[in-house]
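Q: okay, sequence plus prediction incoming.
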Amino acid sequence: MSDIKQFKKFFNFPLNYFFLGAMLLGFLLYMIGDQLYWWKNREDYSFGFLVPFFAIYAIYDRWSIISSYIFSKNSLVSTKAKYSSPKSESNAKYESFSKWLEYLALVGFIIGLLLFGVGALLRSVTGPQNPASLAIAVSFASITLFGIFIISKERVDGEPMPLKDRIALTCLFLFPALIWLLSAPLVSTLETQIRVFLLTKVTVIVFTVFDLLGYELEREGNVLVLPTGQVGVEEACSGIRSLTACLFAGSFLAAIFLKHVWQKVLLVLAAMLLAVFTNLLRSMFLTLWAYHNGSQAIDAHWYLPVIGDIGSVHDVTGLGILVLTCFGLLLLLPIFNFTLPKFEEDDDSIDPEIKST
């Protein structure tokens with residue numbers, strides 16, 4: 001379907017879709033205004049500036065599929081499947097299950113509205129804070145997903161939309177609705193626990209590897225005592241910054257380039273593992289650098305002949321590891337999309353005598 005035809009169909013959407021879209025747009029603008037504070041003031045959430053553009057692109061990329069569910073009787077996702085209309089469904093359990101899902105969606109939608117009100121009120125009273133931003137992001141996801149499921153009960157032509165199509169249509173908005181949870185900061189207590197957990201594990205692994213290699217060092221909590229000084233929290237990053245950024249990159253790549261749910265889940269998990277692994281490599285490099293050049297060498301700046309100062313060793317390696325991790329995710333895409341070729345038996349190659357038998 002051409003882009004012109006798609007946008008012509010846009011103006012044929014029922015009023016309930018326009019009403020939900022206008023409401024979500026207002027909530028979205030408020031949420032972006034709230035999260036801008038974190039994107040500007042915290043480097044580990046600076047990737048949030050890309051989130052609106054990536055969310056819009058995800059909807060644009062799926063627009064033909066979205067419109068097919070709303071306007072057509074057969075979806076573009078599963079053209080082989082033919083679902084019966086709920087009006088002709090004779091199974092009472094199916095109808096009961098559909099109603100229960102609608103009730104649950106309505107409850108989730110109302111809870112999302114209430115949660116958004118709580119988050120907005122909390123922010124207006126106390127200013128930007130983690131719980132308020134997280135509550136607003138969770139409420140936006142709830143309002144979006146449950147709202148789409150509720151209004152998609154009927155198609156444009158008045159025919160009921162099958163339950164499987166309604167669920168599939170809602171799932172198309174998972175990335176645009178949930179990605180804001182990554183660009184919003186976690187609750188301080190939870191974020192601290194994750195940071196300390198990652199830092200502790202990284203410190204133990206780095207100490208164990210260097211000890212096995214025969215390097216002289218000691219570990220005091222999360223601090224490595226080297227002959228040339230100490231490498232502690234300031235020098236050995238926990239990796240939570242690269243973890244959140246790689247989760248964002250992995251989620252976007254999975255949403256756009258992968259089809260099956262299991263592929264999407266595996267790629268997101270791979271993004272997490274790559275972030276942890278590459279940060280471990282970075283910590284080993286920084287420890288080795290400090291071992292031979294002194295602990296203060298980590299904060300020393302690197303200078304290139306033409307460019308000049310490119311930043312401290314700590315920051316440059318952090319950026320390099322992030323780029324390396326994203327490049328690794330791109331290399332995983334062909335592997336996840338790989339399918340074995342289907343060999344069809346050529347009838348001409350079969351002996352006619354065998355055919356006759």
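A: Nice, thanks for sending it over. Numbers count the residues shown, from 1 in each chain.

Q: now do the most centrally placed residue in the chain, the pLDDT please.
A: Nearest to the geometric centre of the chain sits Ser251, at 3.2 Å (Cα atoms, centre = their mean). Looking at Ser251, its pLDDT stands at 90.

Q: cool, the one 3 residues further on as well?
A: Each residue has a pLDDT score; the one for Ala254 is 89.

Q: please give me every residue in contact with it.
A: 263-265, 267-268 (Cβ atoms under 8 Å, 6 or more residues apart in numbering). (C-beta placed from N, C-alpha, C; glycine too.)

Q: domain-wise, how is this protein divided?
A: 3-183, 188-336 (automatic domain parsing).

Q: pLDDT of the top helix by length along the chain, averaged?
A: Across the chain, the longest stretch assigned as helix under DSSP state H is helix 92-126. The average pLDDT for helix 92-126 rounds to 89.

Q: now do the helix or strand that that helix is followed by against helix 92-126, angle only.
A: Following helix 92-126 in sequence order, the next helix or strand is helix 130-151 (DSSP states H and E). Using axes from the mean of the first three to the mean of the last three Cα atoms, to 10 degrees, the inter-axis angle of helix 130-151 relative to helix 92-126 is 150 degrees.

Q: for the helix or strand that helix 130-151 is followed by, C-alpha coordinates in PDB please.
A: Downstream of helix 130-151, the first helix or strand assigned by DSSP H and E is helix 163-171. Only the C-alpha atoms of helix 163-171 are listed here, as PDB (Å, rounded to 0.1, in the frame of the first residue of the first chain):
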ATOM      1  CA  LEU A 163     -10.000 -11.300  19.700                       C
ATOM      2  CA  LYS A 164      -6.800 -12.500  18.300                       C
ATOM      3  CA  ASP A 165      -6.600  -9.500  16.000                       C
ATOM      4  CA  ARG A 166      -7.300  -7.100  18.900                       C
ATOM      5  CA  ILE A 167      -4.500  -8.600  20.900                       C
ATOM      6  CA  ALA A 168      -2.200  -8.500  17.800                       C
ATOM      7  CA  LEU A 169      -3.100  -4.900  17.200                       C
ATOM      8  CA  THR A 170      -2.300  -4.000  20.800                       C
ATOM      9  CA  CYS A 171       1.000  -5.800  20.700                       C
END
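
Q: list the buried residues of helix 163-171.
A: Buried residues in helix 163-171, defined by neighbour count with 16 or more other Cβ atoms under 10 Å: 163, 165-166, 168-170.

Q: from Asn130, how far off is the nearest residue to Ala135 once chain neighbours are set aside?
A: Nearest non-adjacent residue to Ala135, counting by Cβ to Cβ, 6 or more residues apart in numbering: Gly119, 3.3 Å away. Distance check for Gly119 against Asn130: by Cβ to Cβ, to the nearest Å, it reads 11 Å.
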